[in-house]
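**Q** turn this into a model:
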Amino acid sequence: NEDFLTPIKATSTTDADSDGMRVVGCRWLNSDADSLEFLEINANLRGLVFQGNYLVTAGAANPPSILTAGTKILTAALITHNYISSAATSGDMLLDNGGATNTGICAFNIIGNLDVTGAQLLGVAAGIQFFENYMTSTSTESGGLQLTADTPNS
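**A** Residues are numbered from 1 along each chain as shown. Modelled structure (predicted):
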């Protein structure tokens, strides 16, 4: 049916093979319920730029937009200014990463989804710093600031 389950795959399991990957200004308007993640990463990667993308997915069981295999590490990642409309009803909406020593910034992303459980999970990526990301699961309301807030020092 000509659908792309995963449009971009860094399939190499050799670390650093995809260093410097840039996914910028892409549009993925997917109407198929069987779609998977937009970007799959299978090895440690330095310098990922995932920026200015517009993604619309239809499947309720969709995984996050960026899926990293196992405990692979993203170093110096820049994930900003993405607009995502997902039919996902649970799970990480933007980023799923099991690594413990990631570095980088995830900021200014806007995500709509259908997860009405209240969990509203932007993503898991230990070491990535999150700033000013907005999400909502209600199509008639404005997205709220994703509160994984730190307590500032006094």
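**Q** how near is the residue nearest the centre of the chain to S12?
**A** The residue lying closest to the centre of the chain (Cα atoms, centre = their mean) is L94, at 2.4 Å. Computed as Cβ to Cβ, to the nearest Å, the L94 to S12 distance reads 23 Å. (C-beta placed from N, C-alpha, C; glycine too.)
**Q** how about F4?
**A** In terms of Cβ to Cβ, F4 sits 19 Å off from S12.
**Q** what residues sit buried inside stretch 109-124?
**A** Buried residues in stretch 109-124, counted by 16 or more other Cβ atoms under 10 Å: N109, I110, I111, G112, N113, D115, Q120, L121, L122, G123, V124.
**Q** before we move on, what about stretch 47-65?
**A** 47-51, 53, 55, 57-59, 62-65.
**Q** for these, give me JSON lines that also has pLDDT, secondary structure and distance to S142.
**A** Formatted as JSON lines, the buried residues of stretch 47-65 follow (pLDDT from 0 to 100; DSSP: H, G, I helix; E, B strand; the rest coil; distance: Cβ to Cβ, whole Å):
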{"residue": "G47", "pLDDT": "98", "secondary structure": "coil", "distance to S142": "33"}
{"residue": "L48", "pLDDT": "97", "secondary structure": "coil", "distance to S142": "29"}
{"residue": "V49", "pLDDT": "98", "secondary structure": "strand", "distance to S142": "27"}
{"residue": "F50", "pLDDT": "98", "secondary structure": "strand", "distance to S142": "24"}
{"residue": "Q51", "pLDDT": "98", "secondary structure": "strand", "distance to S142": "23"}
{"residue": "N53", "pLDDT": "97", "secondary structure": "coil", "distance to S142": "21"}
{"residue": "L55", "pLDDT": "94", "secondary structure": "strand", "distance to S142": "19"}
{"residue": "T57", "pLDDT": "86", "secondary structure": "strand", "distance to S142": "21"}
{"residue": "A58", "pLDDT": "81", "secondary structure": "coil", "distance to S142": "23"}
{"residue": "G59", "pLDDT": "74", "secondary structure": "coil", "distance to S142": "25"}
{"residue": "N62", "pLDDT": "71", "secondary structure": "coil", "distance to S142": "22"}
{"residue": "P63", "pLDDT": "78", "secondary structure": "coil", "distance to S142": "26"}
{"residue": "P64", "pLDDT": "87", "secondary structure": "coil", "distance to S142": "22"}
{"residue": "S65", "pLDDT": "92", "secondary structure": "coil", "distance to S142": "21"}
